[in-house]
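K.L.:
coordinates only, sequence not included:
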């Protein structure tokens, strides 16, 4: 499960790191750093520009809407896609064949159960301090309620998950699929039968990539959104 993210690295820094151009919606003056991003909010996504001009960092709504989705509420259950079933599940299989992207984040949160009802949040990030690149898929969906005269096109995305490796398995049994820089092009360009091969390559275990620490339970409310949320606190157990 990957359902809460932090992203505070400015778009220009992400673009330099990823050798990408910035889409209009991600221009620096529009950027707001976030430490508590839930599903259905805008996220940056890296993909190859359709005109062959290289990589572009664009904006997508988190929660994939296939073309046949009736309304936006469908996205509340498609913000993650399990790597084991993504190629066959109706919600994701079309995007899996042709539309890959990467979602750069500074970190994400998971909760462990420390008692009958007590849950302790943990902030998970890369050991090297660099943004993590999460494998994902994207779609274009036409909003039937869009104002007259507008295209009504909404670009959405999902984050792929996998069984957790030893870095975080003691926190949760799932983790996002993390992509290293040497695999960026392999994932972004894979289509058709190559998509499954590329995904298998991403699932090869690389240990020692992620670190974590306990954080304040304030992160449990999306109304709280500031840098204090990722500060380490003493664990409860």
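P.N.:
It's in. Bear in mind that the values here come from a model prediction, so they are computed numbers and not experimental data.

K.L.:
Mind jotting down where the strands sit in the protein?
P.N.:
Assigned by DSSP state E, the strands in the chain fall at 5-7, 20-22, 34-37, 42-48, 55-62, 80-82, 100-105, 107-113, 119-126, 132-142, 153-163, 174-176, 210-214.

K.L.:
Pick the most deeply packed of the ones you listed.
P.N.:
Neighbour counts (mean count of other C-beta atoms under 10 Å) averaged over each of the strands of the chain peak at strand 100-105, with a mean of 26. Any C-beta I mention is one placed from the backbone N, CA and C, and that applies to glycine too.

K.L.:
Tell me the gap between that one and the middle of its chain.
P.N.:
6 Å (C-alpha atoms, centre = their mean, to the nearest Å).

K.L.:
next one: stretch 186-195
P.N.:
With C-alpha atoms, centre = their mean, you get 18 Å for stretch 186-195.

K.L.:
hmm, back to that, I'd like the strands of the chain written out as TSV, with mean pLDDT and distance to residue 230 added.
P.N.:
Converted to TSV, these look like this (pLDDT from 0 to 100; distance: least, C-beta to C-beta, whole Å):
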stretch	mean pLDDT	distance to residue 230
strand 5-7	98	6
strand 20-22	92	25
strand 34-37	98	6
strand 42-48	95	17
strand 55-62	95	19
strand 80-82	98	21
strand 100-105	98	12
strand 107-113	94	7
strand 119-126	96	5
strand 132-142	97	13
strand 153-163	96	19
strand 174-176	96	17
strand 210-214	97	9
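
K.L.:
To residue 195, which of these lies closest?
P.N.:
strand 100-105 (7.2 Å; C-beta to C-beta).

K.L.:
Quick one: closest of the strands of the chain to residue 197.
P.N.:
strand 100-105 (12.6 Å).
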